[in-house]
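[1] Fold the following for me, if possible:
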Amino acid sequence: MADGNVDLAAKARAEAYSTPLDKFRVHDIGHFTNDTLWPWFERLRAEDPVHYTAESEYGPYWSLTRYNDVVAADGDHARLSSSSVHGGITLFLPPEGSPPEAFSEDRTPFISMDPPRHDDQRRAVSPIFSTPALAELEPLIRSRAAQILDELPIGETFDFVDKVSIELTSQMLATLFDFPFEHRRVLPRFSDLLLSGPAATPEEQLQRQAEMYGVLAQFAPLWNARSGNKTGRDLISLLANNPATDGGNDPQRYFNNIILLIVAGSDTTRHSITGGLLALSQNPGEYEKLRRNPGLLDSAVPEIIRWQSPVAYMRRTALADVEFGGKTIRKGEKIAMWYVSANRDETVINRANDFIVDRARPRHHAAFGFGIHRCLGQRLAEMQLRVVWEEILARFPLIEIVGEPVRLTSNFVKGYTSLPVRIPG
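    Next up is the predicted model:
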């Protein structure tokens with residue numbers, strides 16, 4: 001870690017432990033872009049694990065920061081709703097003047113629905129994540145990963161996020177959607193535009209929206225062309241030909257599921273590929289252990305995902321009074337389930353602040369969520385990570401990080417926009 005980062009971490013720790021708990025702003029995007037979130041959550045887990053933020057740009061909300069509370073809340077879909085009708089899955093407040101119909105479950109992705117509609121729509125796309133489908137995809141992922149890695153420059157600085165993480169995941173997304181391959185990189189770009197923090201100016205916000213609408217517009221003819229073709233196995237065909245998800249005459253209905261699948265299909269894998277290299281570089285003993293025994297990837301891959309925690313939190317809204325940690329969360333109040341904190345809960349995960357490639361229980365983490373909303377693409381994400389790291393370890397004794405990572409401006413997805421690296425000649 002560079003000296004500047006050590007100073008930044010020390011300053012963050014001092015600030016976190018001197019700030020009164022009622023002034024805490026764990027959602028502050030600066031904590032995430034500077035990687036200084038850890039002491040804030042550490043203190044909450046120890047002193048106020050069910051924490052109330054009375055005032056913020058998102059309005060008042062509760063934070064659950066311990067593993068067991070997050071698991072319990074995530075599994076309680078009867079009392080804690082993810083439905084857009086009650087506010088959805090993020091803390092963000094709706095834009096001023098938004099019409100009520102914008103929050104109807106008729107016009108939101110299935111992650112922002114409660115049963116039974118959630119279950120019907122999730123079931124529509126599940127075939128593409130089945131064991132036979134993944135077995136069929138793995139050789140393709142491996143060949144593409146091999147080609148990407150074989151084209152990397154040796155002895156020159158390059159951006160690992162751009163050349164490896166984005167390229168691999170954009171190719172995979174294009175395959176899952178059967179999207180025009182030459183336009184594949186607009187898909188992760190869309191995700192970054194959607195999840196980045198507030199635009200600096202109204203003009204920038206309009207530019208973002210125009211770019212995002214331009215990407216979505218490319219899906220309309222694909223959807224129309226595949227409607228009625230019940231033999232198609234790509235995500236668009238599965239959505240277009242299932243009564244639960246076909247959209248009818250309202251394109252916004254299917255666009256929202258497309259948005260969900262772009263984000264979900266991109267972010268876990270993309271940011272965990274980059275986060276894995278960063279973690280290994282910061283823990284050279286673990287990197288060496290993995291180089292000596294690539295078979296440890298079976299445990300190293302879920303450990304990378306735990307360590308990175310690419311989805312920082314999910315929101316729920318209480319449909320009834322509920323109690324956590326002796327505190328009552330009232331009906332209508334919103335809750336942030338901080339996966340990023342649960343994954344560092346020292347009371348549940350042994351040596352939670354250490355990165356260990358041969359961890360005994362590597363899948364004991366919260367990164368994929370729990371209950372009915374547990375990540376549908378979990379096994380695909382793990383398989384992609386395993387394959388890319390098998391191919392990296394087979395080629396390169398070392399990939400050196402030669403500069404600081406630039407992190408995504410988001411407190412919802414914990415990710416990276418660039419990471420300068422060099423492969424020694």
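[2] Which positions in stretch 170-186 come out as buried?
    Going by neighbour count (16 or more other CB atoms under 10 Å), the buried part of stretch 170-186 is 170-177, 179, 184-186. For the C-beta atoms, the positions are set from N, CA and C on the backbone; glycine is no exception.
[3] any idea of the mean pLDDT in that stretch?
    On average, the pLDDT along stretch 170-186 is 91.
[4] all strands for the chain, in order.
    For the chain, the strands defined by DSSP state E cover 50-53, 61-64, 80-81, 157-159, 313-318, 322-324, 327-329, 334-338, 400-401, 406-407, 416-418, 420-422.
[5] Could you say which of these is packed most deeply?
    strand 334-338 (a mean of 25; mean count of other CB atoms under 10 Å).
[6] ok, back up a step: just the closest of the buried residues of stretch 170-186 to residue 354, please.
    Taking CB to CB as the measure, residue 354 lies nearest residue 172 of these, at 30.4 Å.
[7] I figured that closest one hits residue 269, correct?
    Yes - the pair residue 172 / residue 269 is scored as a contact, 7.2 Å apart, by CB atoms under 8 Å.
[8] residue ranges with poor pLDDT in this protein?
    1-4, 95-107, 197, 244-253 (pLDDT under 70).
[9] for it, what's the longest helix?
    helix 251-282 (DSSP state H).
[10] buried set for that one?
    For helix 251-282, burial by neighbour count (16+ other CB under 10 Å) applies to 251, 253-281.
[11] returning to what we had before: would you mind putting the strands of the chain into CSV with distance to residue 233 alongside?
    Below are those laid out as CSV (distance: least, CB to CB, whole Å):
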stretch, distance to residue 233
strand 50-53, 44
strand 61-64, 38
strand 80-81, 32
strand 157-159, 34
strand 313-318, 29
strand 322-324, 41
strand 327-329, 42
strand 334-338, 33
strand 400-401, 39
strand 406-407, 36
strand 416-418, 32
strand 420-422, 36
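[12] so which of those comes closest to residue 376?
    Of all the strands of the chain, strand 313-318 sits nearest to residue 376, with 14.0 Å by CB to CB.
[13] counting contacts, what elements does the closest one pack onto?
    The contact analysis (3 or more CB pairs under 8 Å, 6 or more residues apart in numbering; DSSP states H and E) places strand 313-318 against helix 67-74, strand 80-81, strand 334-338, helix 339-342.
[14] got those as CSV, with distance to residue 108 columns?
    Converted to CSV, the helices and strands packed on strand 313-318 look like this (distance: least, CB to CB, whole Å):
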stretch, distance to residue 108
helix 67-74, 19
strand 80-81, 12
strand 334-338, 16
helix 339-342, 21
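[15] Let me know which of the ones you listed is the nearest to residue 297.
    Among these, helix 339-342 comes nearest to residue 297, with 22.5 Å by CB to CB.
[16] Work out the gap between that closest one and the centre of the chain.
    Helix 339-342 sits 12 Å away from the centroid of its parent chain (CA atoms, centre = their mean, to the nearest Å).
[17] how many neighbours does residue 295 have?
    Residues near residue 295, counting by other CB atoms under 10 Å, number 11.
[18] and what of the one 3 residues further on?
    Using other CB under 10 Å as the criterion, residue 298 is surrounded by 13 other residues.
[19] again with residue 294
    Counted with other CB under 10 Å, residue 294 comes out at 15.
[20] residues contacting it?
    389-390, 393-394 (CB atoms under 8 Å, 6 or more residues apart in numbering).
[21] Buried among those residues? Make that a PyMOL selection.
    Here is the PyMOL command that selects the buried residues among the contacts of residue 294 (16+ other CB under 10 Å):
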select buried, resi 389+390+393
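[22] just the contacts of residue 294 now: which is nearest residue 340?
    Nearest member of the contacts of residue 294 to residue 340, counting by CB to CB, is residue 389, at 22.2 Å.
[23] list the contacts for the closest one?
    Contacts of residue 389 by CB under 8 Å, 6+ apart are 276, 290, 294, 297, 300-301.
[24] could you redo the last one with a cut-off of 7 Å?
    276, 297 (CB atoms under 7 Å, 6 or more residues apart in numbering).
[25] likewise residue 330?
    318, 321.
[26] where's the residue positioned nearest the centre of the chain relative to residue 305, distance?
    Nearest to the mean C-alpha position of the chain, by CA atoms, centre = their mean, lies residue 311 at 3.5 Å. Residue 311 sits 10 Å away from residue 305, going by CB to CB, to the nearest Å.
[27] Find the residues that touch each one of those two.
    With CB under 7 Å, 6+ apart, residue 311 and residue 305 have common neighbours residue 367.
[28] circling back to that earlier point, which of the helices and strands packed on strand 313-318 sits closest to residue 138?
    Per CB to CB, nearest to residue 138 of the helices and strands packed on strand 313-318: helix 339-342, 26.9 Å.
[29] Who are the packing partners of the closest one?
    helix 38-47, helix 67-74 (3 or more CB pairs under 7 Å, 6 or more residues apart in numbering; DSSP states H and E).
[30] okay, those helices, which one's buried deepest?
    Sorting those by mean neighbours (by mean count of other CB under 10 Å), the first place falls to helix 67-74, with a mean of 21.
[31] I'd like the distance between the nearest residue to residue 66 once chain neighbours are set aside and residue 338.
    Leaving aside its sequence neighbours, residue 66 sits nearest to residue 49 (CB to CB, 6 or more residues apart in numbering; 4.5 Å). Distance, residue 49 to residue 338, using CB to CB: 10 Å.
[32] Also residue 391?
    Taken as CB to CB, the span from residue 391 to residue 338 is 33 Å.
[33] cool, residue 262 as well?
    Residue 262 is 24 Å from residue 338, by CB to CB.
[34] Then residue 155?
    To residue 338, residue 155 is 41 Å away according to CB to CB.
[35] now residue 256
    Counting by CB to CB - residue 256 and residue 338 are separated by 25 Å.
[36] Also residue 173?
    27 Å.
[37] sorry, back to before: distance to residue 213 added to the contacts of residue 294, as TSV?
    TSV is the format used below for the contacts of residue 294 (distance: CB to CB, whole Å):
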residue	distance to residue 213
389	36
390	39
393	41
394	42
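[38] quick one: which of the contacts of residue 294 is nearest residue 230?
    Among the contacts of residue 294, and counting by CB to CB, the member closest to residue 230 is residue 390, at 36.0 Å.
[39] Just list the residues touching that closest one, thanks.
    294, 297.
[40] Not counting its neighbours along the chain, what's nearest residue 69?
    residue 324 is the one closest to residue 69 (CB to CB, 6+ apart), at 5.1 Å.
[41] meant to ask about residue 54, not that
    Leaving aside its sequence neighbours, residue 54 sits nearest to residue 60 (CB to CB, 6+ apart; 5.3 Å).
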